[in-house]
Every structure is written in structure tokens, then in C-alpha cells.
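Student: this is the structure alone, sequence omitted:
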């Protein structure tokens with residue numbers, strides 16, 4: 001349990017960053033989004049924390065779309081599903097360029113982190 005708490009605390013440490021609105025991203029010349037260092041570090045933490053949850057983003061994308069449209073349903077979501085959502089967001093960036101930016105702007109990342117905090 002201690003390992004879980006340490007790892008989850010690392011993720012929820014990013015709550016003030018996403019609340020602050022100080023994140024930065026932009027289109028680069030290739031037409032892809034480029035994210036600031038903190039966003040990149042956050043997703044490295046996601047990979048390190050969530051690697052043990054096997055998820056095929058292709059199979060989980062329907063759930064992602066559901067939670068993207070219905071954030072209030074996160075209030076009833078378990079930790080494993082939240083972490084699968086984070087993995088899916090990271091994986092989808094390859095195929096839906098800018099999905100991370102949309103999830104930040106839409107408040108989905110912050111809502112997921114706040115739910116993880118509630119469960120911690």
C-alpha cells in the first residue's frame with residue numbers, strides 16, 4: 001500500500017500546476033503539438049505509475065470518450081479506471097494530435113487527478 005501512496009502522490013503533486021493554468025503547448029512546424037516540460041514530466045510519471053495496468057487504448061477509447069463527455073461520472077470511478085484513462089490519453093496523442101491539450105483545456109486531466117486524490 002505504501003508504494004501505491006508514494007506513486008499516486010507523485011501524480012497528485014501536479015494538481016496545482018494544472019489548476020494554475022501556467023501550462024504551455026503550441027503547434028510546431030510539423031503540425032504536431034509540443035508540450036512544456038512539466039506536461040511531459042507528468043506523462044512520464046503516468047507511464048511509471050500506470051505501467052502495471054495493461055490497457056489496449058484501442059479497446060479503452062470508448063470509455064475515454066464517455067468520460068470526456070461526462071466528467072461528472074468520474075466521481076464514481078475506481079483507481080484502476082482512472083489510471084487506464086491516463087494511459088489512454090497519453091497513447092491517443094499519437095493518433096489524435098492535440099488530445100492532451102484538449103484534455104487539459106476541458107479539465108479532464110485535473111478532474112482525474114482530483115479523483116485520484118480523493119481515493120488516496
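Tutor: Everything's here; your move. Predicted model, so just to flag it, every value in this text is computed and none were measured. Residues are numbered from 1 along each chain as shown.

Student: what segments of this protein are helices?
Tutor: Assigned by DSSP state H, the chain shows helices spanning 2-12, 15-20, 37-50, 57-69, 79-92, 99-106, 108-119.

Student: most tightly packed of these?
Tutor: Comparing these by mean neighbour count (mean count of other C-beta atoms under 10 Å), helix 79-92 comes out on top with a mean of 21. Yep, even glycine has a C-beta here, placed from its N, CA and C like the rest.

Student: re the thing from before, what's the closest of the helices of the chain to residue 31?
Tutor: For the helices of the chain, proximity to residue 31 was assessed by C-beta to C-beta; helix 99-106 is nearest, at 13.3 Å.

Student: the residue most central in space within the chain and residue 63, how far apart?
Tutor: Closest residue to the average C-alpha location of the chain: residue 86 at 3.6 Å, with C-alpha atoms, centre = their mean. According to C-beta to C-beta, to the nearest Å, residue 86 stands 12 Å off from residue 63.

Student: just to revisit the earlier point, isn't the residue nearest to the centre of the chain up against residue 50?
Tutor: Yes: applying C-beta atoms under 8 Å as the test, residue 86 and residue 50 come out as touching, 5.8 Å apart.

Student: which one of the helices of the chain has the lowest average pLDDT?
Tutor: For the helices of the chain, the weakest mean pLDDT is recorded on helix 2-12, namely a mean of 60.

Student: how close does residue 119 sit to residue 9?
Tutor: 12 Å.
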